[in-house]
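Q: pasting a predicted model and its sequence here:
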Amino acid sequence: MKRYCLALDLKDDPQLIAEYEYWHKAENGWPEVRKSILDAGIVEMDIYRTGNRLMMIMETTDLYDAEKKNASDAANPKVQEWEQLMWKFQQPLPWAKEGEKWVIMEQIFQL
């Protein structure tokens, strides 16, 4: 198992943030997106928010490959539709590379 922590910002608009949270409730998520996550070897995914900053924690199997996941997502019309919808609410971090959404965080401490 491997853990990844990623960050992303939401647009600083309370109405958009509330709508983003609506789409992330279990009953409102899209089954095709959930399947793509599980099929990639992601066994646990949590998203936390403070203000408009998001942090995602993913636990993966040893078979998880981010490049393969990105390629699979790019070829999946339903995942692309979801990503377009989410982009309504999201904005890149100031230091994100061109086209990068979620940015991998560097672990700096462990107890």
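A: Yes, it's here. Numbers count the residues shown, from 1 in each chain.

Q: okay, CA-based contacts and neighbour counts for the rest of this
A: Will do.

Q: so D46 sits in a helix?
A: No - assignment of D46 by DSSP: H, G, I helix; E, B strand; the rest coil gives strand, placing it outside any helix.

Q: verify the stated contact: it with E59.
A: No - counting by Cα atoms under 8 Å, D46 stays clear of E59, with 9.0 Å between them.

Q: who's more crowded, these two?
A: E59 (17 against 10; other Cα atoms under 10 Å).

Q: for the more buried one, helix, strand, or coil?
A: strand.

Q: same thing with the one 5 residues further on?
A: Three-state secondary structure (criterion: three-state DSSP) places Y64 in coil.

Q: got the contact list for it?
A: Contacts for Y64 (Cα atoms under 8 Å, 6 or more residues apart in numbering) come out as A40, G41, I42.

Q: one more time with 6 Å
A: Each residue near Y64 by Cα atoms under 6 Å, 6 or more residues apart in numbering is listed here: A40, G41.

Q: try K2
A: Contacts of K2 by Cα under 6 Å, 6+ apart are E59, T60.

Q: and Y20, backbone torsions?
A: Here is the backbone geometry of Y20 (degrees, to the nearest 10): phi -60, psi -50.

Q: what about the residue lying closest to it once chain neighbours are set aside, how many neighbours?
A: Of all residues not flanking Y20 in the chain, F89 sits nearest, at 6.4 Å (Cα to Cα, 6 or more residues apart in numbering). Per other Cα under 10 Å, the neighbour tally for F89 reads 20.

Q: how much space separates F89 from Q15?
A: To Q15, F89 is 10 Å away according to Cα to Cα, to the nearest Å.

Q: do you know the pLDDT at G99?
A: pLDDT for G99: 86.

Q: now the closest residue to N52 other than its chain neighbours. Its backbone dihedrals?
A: Among residues not flanking N52 along the chain, L10 sits closest, at 4.9 Å (Cα to Cα, 6+ apart). Main-chain dihedrals, L10, degrees, to the nearest 10: phi -100, psi 160.

Q: thanks a lot, catch you later.
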